[in-house]
Structure formats: C-alpha cells, structure tokens
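*Asks:* dropping a prediction and its sequence here:
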Amino acid sequence: MVTESPMHTKYRVPMSSPDLSDAERQAVAAVLRTPFLSMGSEIEAFETAFRQATGARHAIGVSSGTAGLHLCVRAAGIGHNDGQAGDLVITTPFSFVASTNVLLFEGAVPVFVDVDPITGNIDPQRAGQAATDLMAGGAAAQRWLPRQGGGAQGRLKAMLPVDVFGQPADFDPLLEIARRFSLKVIEDSCEALGAAYKGRLAGRLGDYGVYAFYPNKQITTGEGAVIVTDDDPAASLMHALRNQGRAPGDTWLSHTHLGYNYRLDEMSAALGRVQIARLDELLDKRQRVAGWYQERLQEIAGVEALQVRPETTRMSWFVYVVRFAAGETRDQAASQLERRSIPARPYFIPIHLQPYMRSRFGYQEGDFPIAEDLGRRGLALPFSGVMTEGQVETVCLALSESL
C-alpha cells in the first residue's frame, strides 16, 4: 500500500487523493450530532448497502483489511495442527504484507508460489502443482516449503489469492484446485472492489472475500474494511470475534470467544455508506484517469502499462503501476520524478524478501523470480479519480524527460 499522505504539500501532484463530496461530509457531521459513535445504526446501514451491492448473505464491517483477513483465517479454522505443525496455506509473495501476516498471526505457514508475469496474480498452474505435491507429502512437498521455520509439515488447509492492483486472479482453475483438495478460499480483494472476473464480482469468488477502504482505495472510510460471505456459521463467528469475542446473548463483560476490537466506528461507516452508493461513479472516474495514462504512455519508449486480461470483465483501478525494462531504469526514473516534486513508489517489494521473512523462513533472492522481477521493475505513479488530465500530462511529460 502507498503510505505517502495523499495531501503531502511537497508534491506538485499528490500520490493519491480521496474523492469526497458534501454528502460524505454531511453524513459524518450528522453522526457527531448523536450520542452514538460506535455500534449504532450507521454500521448496520453500511453493511446492508454492501449486501445489496455484492449479493452476499453477510457483510461484516471491520477496522481494516488486515483485520478482515485475520477474521477469515480464524473462521476457516486455520492455525496450528495438533498444537505443533502449522496449517499450510497456498498464497502469493507479490502482495502487501497483510495477506501473509494474518497467517503468521495464527501459527500457519504461508506456502508461496510464483505469479503470472502479466498480472502479478498467483499462477494457477503453479498453485495446482503445489497443492498436488503438498498433499502427496515427502520430497515432493518439501520443495514448496520454506528452508527453515516451517516446523513439522502441517496439512494443507486453504488458498489465499490476492487480486493485485484491482485485477482479479484467474479464479476458475483456482476454485477447481480448491474443490479437488477440499480447501477453503479466502479472497483478498482489498485492492479490487467493483472488479469482475468473467462477469462475477471480485471478492465473491471464494468462501470469504475482503474489501478495504484506506484513503487511496476505490472508496474510503479512512481506515476500514468489509468481509463478505454466504457462510452463516463463519459470519456469526466473525461478528463475535470483531467485538471482543461476544457471542449473541453475551453481556458487555461476557466473552464466549477469544476476540479482538476490530469494530468499525460510526463516523467511518457513515462515510462508507455514502461512498458505496457512488461506487460506479468513482470507478468510472478512475477508469478515465487510467485511460489518459494509457494513451500517453504509448508514446514513451521503455515504459510498459499494466495489461488487463480478457477474463477481467471489469477492471477496478487501485494504483497505476508501470514497468520498466530494468530495475536500474526504474530507480533512475523515480529519482528524477522526485526531483520534480512528483511522487512515485516501487510496487511491491515481494513479501518473502522482507527482513522478518528472510530471518524466519530463510528466503533468498531467486526463490520466486517472477515476483522479484516485477518488484524490481514496477513503479506506482500518482493516481486517483480526482486527477485532472493536465496532472496526468505533467506526470507523463516528466517521466518521458527522465528517460
């Protein structure tokens, strides 16, 4: 996730800016005129709006995308097996760290597989081979496990694919793998609200889906997220876990489960309720800005725009990432843009190369070469639905001159 403040004053063009109207401001102000700042009518209205927008039986508002993914892991029963070996979850190293951290929180072992070189999403063929080998056990399984820190081999329990940059993963083969091996599927759609895969909504393709609403996302609640699922028992558990483990019938000081304070406050829910009603408008504005970038980038040699797969029947632009022929060129361009007061950020540093992952699991350069290559060559340019065509022109002109 891009952590630069959207309104950082040193930049001529902000890295990202939320798209807010008077309706959002009025909704938040209305909450402040009531005594109910948490657990009131706004969170219920926000969740109702998400059920209607997605067709999900349940929508559970939580405090962040990380919190949402963590509750999905808990609901799927992922953790330690027999108190020793951690359950195995097939996932991607090319993502924001939260998609892996939520597994580590519960003592599970992330099993990384490399990604598609075009989209950066998990490669279904590799995921299928990993599942086959892990189920077989022995030497075949070992080649997918980390060098160290994995403990005794646990059982394969789930897959956690990520819809990177607003483009859904290739889900049909992933769902076939899940069916064949009886795996739960947690869809990290934190970057893909409104996207569609073969006409089906991202976030609704697995057993559970999570959308997140940081200020640079398609809609924002400041901080916050929503879990969607059709699984009644899982939804009941996640409702309890987000509220300090209070199950239906518990009093304020009674706690059936070990839970968390993952609640979404009323001001954030009010903001989100208005934003989700504007979703199509907000996505169309982002698509327009992406189109301006696409048109101008065609004129810049050595810079490749993100490709949208035919299976992606609706792209939900989250960030605008371009790729360079080499990492050195990327770094030089980013430095030159910074000198012109235009922010740009490498996107992503693969998870397995983060210091704590190297230390814990022994990962090394070369373990996942496609993810590493995309990480070396990718650069996120300023992007939001409120950018003007002139701002896109400024960025692209500076990028062209930097090369």
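*Replies:* Thanks, I have it.

*Asks:* so how far is stretch 305-317 from its chain's centroid?
*Replies:* Relative to the chain's own centre, stretch 305-317 is displaced by 16 Å; criterion: Cα atoms, centre = their mean, to the nearest Å.

*Asks:* flag every buried residue along that stretch.
*Replies:* Using 16 or more other Cβ atoms under 10 Å as the test for burial, stretch 305-317 gives 305-306, 308-309, 311-312, 314-317. Yep, even glycine has a C-beta here, placed from its N, CA and C like the rest.

*Asks:* what about those, which are in helices?
*Replies:* Within those, no residue falls in helices by DSSP state H.

*Asks:* how many other residues sit next to residue 197?
*Replies:* 22 (other Cβ atoms under 10 Å).

*Asks:* got the CA positions of the strand or helix carrying residue 272 in CSV?
*Replies:* Here residue 272 is covered by helix 266-277, with elements defined by DSSP states H and E. The C-alpha trace of helix 266-277 is given here as CSV (Å, rounded to 0.1, in the frame of the first residue of the first chain):
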residue,chain,number,x,y,z
GLU,A,266,-20.0,5.1,13.2
MET,A,267,-18.2,8.1,11.5
SER,A,268,-16.3,5.7,9.2
ALA,A,269,-19.4,3.7,8.5
ALA,A,270,-21.4,6.8,7.6
LEU,A,271,-18.6,7.9,5.2
GLY,A,272,-18.5,4.5,3.6
ARG,A,273,-22.3,4.3,3.3
VAL,A,274,-22.3,7.4,1.0
GLN,A,275,-19.2,6.2,-0.8
ILE,A,276,-20.5,2.8,-1.7
ALA,A,277,-23.6,4.5,-3.2
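
*Asks:* for it, give the mean pLDDT please.
*Replies:* Mean pLDDT, helix 266-277: 98.

*Asks:* equivalent analysis for stretch 365-381, please.
*Replies:* On average, stretch 365-381 scores 98.

*Asks:* what about that stretch, start to end distance?
*Replies:* Counting by Cα to Cα, to the nearest Å, you get 26 Å between the two ends of stretch 365-381.

*Asks:* and the closest residue to residue 230 other than its chain neighbours, how many neighbours?
*Replies:* Computed as Cβ to Cβ, 6 or more residues apart in numbering, the closest residue to residue 230 that is not its neighbour in sequence is residue 57, at 4.5 Å. Neighbourhood size, residue 57 [other Cβ under 10 Å]: 12.

*Asks:* can you pull the contacts of the residue lying closest to residue 67 once chain neighbours are set aside?
*Replies:* Leaving aside its sequence neighbours, residue 67 sits nearest to residue 262 (Cβ to Cβ, 6+ apart; 4.0 Å). By Cβ atoms under 8 Å, 6 or more residues apart in numbering, the contact set of residue 262 is 62-64, 67-68, 70-71, 241-243.
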